[in-house]
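**Student:** Sequence unavailable; structure follows:
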């Protein structure tokens, strides 16, 4: 019971931020800016105050990490296995080009800027796969130091914030369909939380599609970590060291994706009634807004801005390249 009580202050703070986000979103005509976007920005504005109260830390961390995954799993109750297979299959082609752009472009531009390969690799992984999760998974296997990780997180998250605000506006300006926008968001926006915020800011259907695409993309963490572990092992041999990285499938596999698919399968077999699915969806969306608010509460905006100029510029170039390539490939596939 005492452990549960420790989470209450932080969770309560996230609920308040979520309610404020939803309120401000209701004041915007046609919902152009979602409650999740407002919650993220409000949380960031409140960070300097919240950081003075360490007792909120555990609840905020739980809400920003665990609750977001639980909410995504719950959203599976509003999808069918046919939709998941269709959308996930379409996204594979687009993902091939965006991942090639992120890693190939990141390596070349990183060399041009004189950025160490470990640092540029982390920025590319964060941009191409899934933001902080990919960075956290790859950093240990390439023996990245704290500065490399901090630069990579700053470079990817700073532009994620911009994408959360700009993507829905650009999607409407380009007259994209729900499927097209969900595919674009899921393949071009970095972190899972940002994909959720941008997708549902456009429409509920676009948000559902974006989640499917994003989870498909998240699975690429496994081969990416394996490849980077081989690169690090080779580098370690060249440097005559014996601390080459080891690949752990169990440690890096995003297991919550399987839980999401399990819920989708149950929904496809009619386990959930229409009313139950609707209720789970509503609760899941509110939990997502809470999670985005909690992520904002943990984010030090000043620290992000103070990060090194070259890593930020690399992150910007790679992010823009991925956004453009994703859209062009979709356009060629008539999936806009």
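**Tutor:** Okay, I see it. Note that the coordinates shown come from a computational prediction; the quantities given were computed from them, not determined experimentally.

**Student:** gap between residue 335 and residue 130?
**Tutor:** Using Cβ to Cβ, to the nearest Å, residue 335 is found at 21 Å from residue 130. From N, CA and C alone the C-beta is placed, and that goes for glycine too.

**Student:** Compare the two (neighbour count), which wins?
**Tutor:** Neighbours were counted for residue 335 and for residue 130 using other Cβ atoms under 10 Å; residue 130 has more, 29 against 17.

**Student:** Am I right that the more buried one is in contact with residue 219?
**Tutor:** No. Taking contacts as Cβ atoms under 8 Å, residue 130 lies outside contact range of residue 219: 9.6 Å.

**Student:** next one: phi and psi at residue 191?
**Tutor:** With angles defined as degrees, to the nearest 10, residue 191 sits at phi -80, psi 150.

**Student:** Hmm, residue 156 and it touching each other?
**Tutor:** Yes. The pair residue 191 / residue 156 is scored as a contact, 7.0 Å apart, by Cβ under 8 Å.

**Student:** Give me the more crowded residue out of those two.
**Tutor:** residue 156 (30 against 27).

**Student:** ok, now which ones touch the more buried one?
**Tutor:** 123, 126, 127, 131, 132, 135, 190, 191, 315, 319 (Cβ atoms under 8 Å, 6 or more residues apart in numbering).

**Student:** tell me which helix or strand of the chain sits lowest on mean pLDDT?
**Tutor:** helix 249-252 (a mean of 62; mean pLDDT, DSSP states H and E).

**Student:** After that one, which helix or strand is next? Please name it.
**Tutor:** helix 256-268 (DSSP states H and E).

**Student:** what is the rounded mean pLDDT of that following helix?
**Tutor:** Throughout helix 256-268, pLDDT has a mean value of 82.

**Student:** Over to stretch 68-86?
**Tutor:** Mean predicted lDDT for stretch 68-86 stands at 78.

**Student:** Compute the first-to-last residue distance for that stretch.
**Tutor:** For stretch 68-86, the separation between the terminal residues is 24 Å (Cα to Cα, to the nearest Å).

**Student:** do stretch 328-336 as well
**Tutor:** End to end - Cα to Cα - stretch 328-336 spans 10 Å.

**Student:** Give me the buried positions along that stretch.
**Tutor:** For stretch 328-336, the neighbour count (16 or more other Cβ atoms under 10 Å) marks 329, 330, 335, 336 as buried.

**Student:** and what of stretch 71-83?
**Tutor:** 71, 72, 73, 74, 75, 76, 77, 78, 79, 83.

**Student:** Tell me where the stretch 51-200 of the chain has strands.
**Tutor:** Read by DSSP state E, counting those that start in this stretch, the stretch 51-200 of the chain holds no strands at all.

**Student:** low pLDDT regions in it?
**Tutor:** 146 (pLDDT under 70).

**Student:** cool, and the stretch 201-336 of the chain?
**Tutor:** 236-254, 304-308.

**Student:** residue boundaries of the helices in it?
**Tutor:** 204-218, 221-238, 249-252, 256-268, 274-298, 301-305, 309-332 (DSSP state H, counting those that start in this stretch).

**Student:** All set now, cheers.
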